[in-house]
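**Q** Please work out how this folds:
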Amino acid sequence: MADRVILCIGTKKGLFIAESPKARRRFTLRGPFSPGVAVYSALADTRNTPRIYASSCNAYFGMKILRSNDLGNTFKETKAAPAFPKDDGRALANIWSLEPGSGRKELWCGVEPAALFHSGDGGDSWDMVPGISNHEHARKWHPGNGGLCMHTILRDGQRMHLGISTGGHYVSDDGGQSFRAANTGVGAGFLPDPYPEFGQCVHKIAAHKDRPGRLYMQNHGGFPEAPGAGVLRSDDHGQTWRSISKGLPSDFGFPMVVHPLKPDTIYVVPLEPPTRTCPQAAPAVWRSENGGDSWQKLTNGLPPKDSYFTVLRDGMDTDELPKPALYFGTTTGQVWMGREGGEQWECLFDSLPPVNCVKAAVV
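**A** Take a look at the predicted model:
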């Protein structure tokens, strides 16, 4: 019976694991694992025997994937990490996403420069997925401010959605054999054509497992040339998108999170585009309970002013307890928990290295 909450916290200086009984009164912290090395992605895989996976981005020794079979008490490197073929011309710069597949040990991995890899043995070997990695658009994608990264992998049976910065949103209907761009309504105000076929700087895409046809997107907003194109919703499996930014202080931000029990409830963290910090230096998480038609500001317990932090694309997540809590980590090294879906905030840790990602699981 699941009785613990695990947080995987990837930072600029290693991976930390936080653990609490399901009452969530107190979290203990262990780590760092892969100390001194940046961790941009993590996965708490609760299928069968729970495992934790995390990337390890070492500028000198290359990219590694860490795996724990004891819920984050110890980690070992997998036998291999994704790598481009020798004659490809591209070199792996970072690992941005790790997601479970349908098989017991199946994994999917999105990397920089933007490409997709697949493993059937828990990460000990990897194959590049040519349908998107060698797509006709791939050599035309350009890096965003954070790199040319494939950061979102969503699966619904044979359908797969990918988020690429700056490539846009791509869809496969055949299990990853082929992909097509699906960006109608998604803006790119930094390009001459603000609504191109591809080339958008998508920041994050999210969906609820019980309503896979509805997707939510946090895109690179803040451009008058593409008004309202920062926070978006699709009701047709990503074929078309419409703005749901009305009511937010900014349509620019990075994370997009869906409530685990309520498909119409979503969370974003609006930021000022020039500074990438909270508007007026007053942190707030914004929640919609009707799919983005209206928004509510959640600030109870957060600093009222003078807080200049950023929450990155994978820096926010929820657990799946009957009364889920929301978690986010900041570039100033704090990890916050919002009880009752963000109604009441408390700081769990306040002196970690800058946080790249937070992933929650109940085990």
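**Q** burial measure for the spatially closest residue to Glu340 that is not a sequence neighbour, as a count.
**A** Nearest residue to Glu340, sequence neighbours excluded (CB to CB, 6 or more residues apart in numbering): Lys323, at 6.1 Å. (C-beta placed from N, C-alpha, C; glycine too.) Applying other CB atoms under 10 Å, we find 10 residues neighbouring Lys323.
**Q** Quick check: closest non-adjacent residue to the residue positioned nearest the centre of the chain.
**A** Note on the chain: the residue nearest the mean C-alpha position is Asp314, at 3.3 Å, using CA atoms, centre = their mean. Excluding the flanking residues, the one nearest Asp314 by CB to CB, 6+ apart is Cys357, at 3.8 Å.
**Q** what residues are up against the residue nearest to the centre of the chain?
**A** 10, 40-41, 97, 151, 204, 255, 356-359 (CB atoms under 8 Å, 6 or more residues apart in numbering).
**Q** Let me know the closest of those residues to Arg51.
**A** Lys359 (12.5 Å; CB to CB).
**Q** The closest one is in what secondary structure piece?
**A** strand 355-362 (DSSP states H and E).
**Q** got the CA coordinates for that strand in PDB?
**A** The C-alpha trace of strand 355-362 is given here as PDB (Å, rounded to 0.1, in the frame of the first residue of the first chain):
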ATOM      1  CA  VAL A 355      16.400  23.800  -8.900                       C
ATOM      2  CA  ASN A 356      15.900  22.500 -12.400                       C
ATOM      3  CA  CYS A 357      13.200  20.000 -11.900                       C
ATOM      4  CA  VAL A 358      10.800  18.500  -9.300                       C
ATOM      5  CA  LYS A 359       9.100  15.200  -9.700                       C
ATOM      6  CA  ALA A 360       6.600  13.800  -7.200                       C
ATOM      7  CA  ALA A 361       5.400  10.200  -6.700                       C
ATOM      8  CA  VAL A 362       3.500   8.200  -4.100                       C
END
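**Q** pLDDT of it, averaged?
**A** For strand 355-362, mean pLDDT rounds to 98.
**Q** The chain should start at 42 in everything you say after this.
**A** Yes, from this point I'll number from 42; that puts the last item at strand 396-403.
**Q** Please state the offset of it from the chain centre?
**A** 9 Å (CA atoms, centre = their mean, to the nearest Å).
**Q** how many other residues sit next to the closest residue to Ala229 other than its chain neighbours?
**A** Nearest-residue entry for Ala229: Gln241, 4.5 Å, with adjacent residues in sequence omitted and distances by CB to CB, 6+ apart. Residues lying near Gln241 (other CB under 10 Å) number 31.
**Q** and if you look at Lys346?
**A** 9.
**Q** Look up phi and psi at it.
**A** phi -160, psi 170 (degrees, to the nearest 10).
**Q** For Gly72, see how far away the spatially closest residue to it that is not a sequence neighbour is.
**A** Using CB to CB, 6+ apart and skipping residues adjacent in sequence, the residue nearest Lys346 is Ala323, 5.4 Å away. In this view, Ala323 and Gly72 are 31 Å apart by CB to CB, to the nearest Å.
**Q** wait, isn't Phe125 in contact with Met169?
**A** Yes - using CB atoms under 8 Å, Phe125 is in contact with Met169, at 6.8 Å.
**Q** what's the overlap in contacts for the two?
**A** Common contact partners of Phe125 and Met169 (CB under 8 Å, 6+ apart): Ala156.
**Q** who has more neighbours, these two?
**A** Using other CB under 10 Å, the more surrounded residue of Phe125 and Met169 is Met169, with 20 against 16.
**Q** Tell me the confidence at the residue nearest to that one when sequence neighbours are not counted?
**A** Excluding the flanking residues, the one nearest Met169 by CB to CB, 6+ apart is Phe158, at 5.6 Å. Confidence at Phe158, expressed as pLDDT, is 98.
**Q** between Ala323 and Gly72, who's got more neighbours?
**A** Neighbour count, other CB under 10 Å: between Ala323 and Gly72, Gly72 has more, with 19 against 15.
**Q** got the contact list for the more buried one?
**A** 50, 55-58.
**Q** Output the residues you listed as TSV; include the columns pLDDT and distance to Thr119.
**A** Converted to TSV, these look like this (pLDDT from 0 to 100; distance: CB to CB, whole Å):
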residue	pLDDT	distance to Thr119
Ile50	98	20
Gly55	97	17
Leu56	98	14
Phe57	98	20
Ile58	98	18
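**Q** show me the contacts for the nearest residue to Pro76 once chain neighbours are set aside.
**A** Nearest residue to Pro76, sequence neighbours excluded (CB to CB, 6+ apart): Gly55, at 4.5 Å. Gly55 makes contacts with 72-78, 80, 394, as judged by CB under 8 Å, 6+ apart.
**Q** and of the residues you listed, the nearest to Asn110?
**A** The closest of these to Asn110 turns out to be Phe74 (CB to CB; 13.5 Å).
**Q** how close does the closest one sit to Leu148?
**A** Taken as CB to CB, the span from Phe74 to Leu148 is 19 Å.
**Q** Is Gly382 part of a helix or strand, or is it coil?
**A** helix (DSSP: H, G, I helix; E, B strand; the rest coil).
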